[in-house]
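Engineer: When you get a sec, could you give me coordinates for this:
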Amino acid sequence: MLVTSTLFLPLKAICAQISVEPLSGVKGTGMTAAAAAGIKGFTGGWGKGSGSSAGIRAREFEFTAYMGQYDGGDWNSTISTVGGSFDPDKINNGSLPNLLAYISDRSKGKIKTNHKNVKAINLSSSDIFSLKPPFIFLTGSKDFVLTEPEVENLRKYVSLGGAIWGDSAKNSLFEIAFRREMKRVLPDRDKGWEELPINHPIFSSTAYFPEVKVVPPGLGFLKEPVYCLKIYGEIAVICTANDYGNMWQLDPNQKSINNAQPPAVDITYKFGVNLIIHLLTRWESKVKSAISL
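Structural biologist: The predicted structure is shown next:
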């Protein structure tokens, strides 16, 4: 009689029999325990508490976001600086600072941002890993090519749970370059650009601003889908090609410019807030039980 002992079965077969994953990974994500622990350590300081029945508005968050400063191109095209010298440490107005100010104001201080002290961060800098920003905002209007140190740095950054957010107008030289360069950061041929579906959490009834039901048009009536690259099933890189960065140079209450009437500007800000809240919380359920290594 043939007797088969589990002592002689491969580890993978044993795991299949008892319905667990090798290496105590996060089930169904392809994420090992080590990767989950790394993400937990990198992202754990952004949100306070784990949520409640009162919803996302009951929570408090604190984070620092940065403009991405890359070689070549015009990374500073949607911001202004003190004195007009484009000092990366003296950004005082424009796309990212205005969006961060909006989220701080509308949350009545529950969401603390660095909107009064926005800076640019060099994409090859190791500071990214000590500062732990939830996302780095890249924009521009020109072609650019990332250096190898920038590519390697960004690949490590997104593997730890950070996100790269590229914003410009559809088919601009920047948008074309951003899509190309991000495939160098995440070169997996099986993982291409995915359109963010209409049932995504940022468009749901539980989002921070549930009135945002669809992708809002940006400057010049652009209304392109939002595209992303994912790792472990979550957003790692996101591309908005509706020129929101230029829209966010406007105050929602100021006079109209092109299609940028106050209500149209305001809904783009709310969309930006929903996206930021998602980037802050997207890893929580996947890594909360991760083994600390």
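
Engineer: Helices along the stretch 101-250 of the chain, start to end?
Structural biologist: 127-131, 148-159, 173-185, 244-247 (DSSP state H, counting those that start in this stretch).

Engineer: And those helices: which comes nearest Glu211?
Structural biologist: helix 244-247 (17.0 Å; Cβ to Cβ). Just so you know, the C-beta spots here come from the backbone N, C-alpha and C atoms, and that holds for glycine as well.

Engineer: CA atoms of the closest one as PDB?
Structural biologist: Below are the C-alpha coordinates for helix 244-247, written out as PDB (Å, rounded to 0.1, in the frame of the first residue of the first chain):
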ATOM      1  CA  TYR A 244      -5.700  69.900 -12.600                       C
ATOM      2  CA  GLY A 245      -2.400  71.500 -11.600                       C
ATOM      3  CA  ASN A 246      -3.200  74.600 -13.500                       C
ATOM      4  CA  MET A 247      -6.800  74.500 -12.200                       C
END
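
Engineer: Which other helices and strands does that helix contact?
Structural biologist: helix 95-106, helix 262-281 (3 or more Cβ pairs under 8 Å, 6 or more residues apart in numbering; DSSP states H and E).

Engineer: With mean pLDDT, mean neighbour count and distance to Leu173 as extra columns, can I get these in CSV?
Structural biologist: Below are these laid out as CSV (pLDDT from 0 to 100; neighbours: other Cβ atoms under 10 Å; distance: least, Cβ to Cβ, whole Å):
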stretch, mean pLDDT, mean neighbour count, distance to Leu173
helix 95-106, 95, 22, 18
helix 262-281, 94, 21, 22
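
Engineer: export these to TSV and tack on distance to Arg189?
Structural biologist: Output for these, formatted as TSV (distance: least, Cβ to Cβ, whole Å):
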stretch	distance to Arg189
helix 95-106	32
helix 262-281	25
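
Engineer: nearest to Trp46, of those helices?
Structural biologist: helix 262-281 (4.9 Å).
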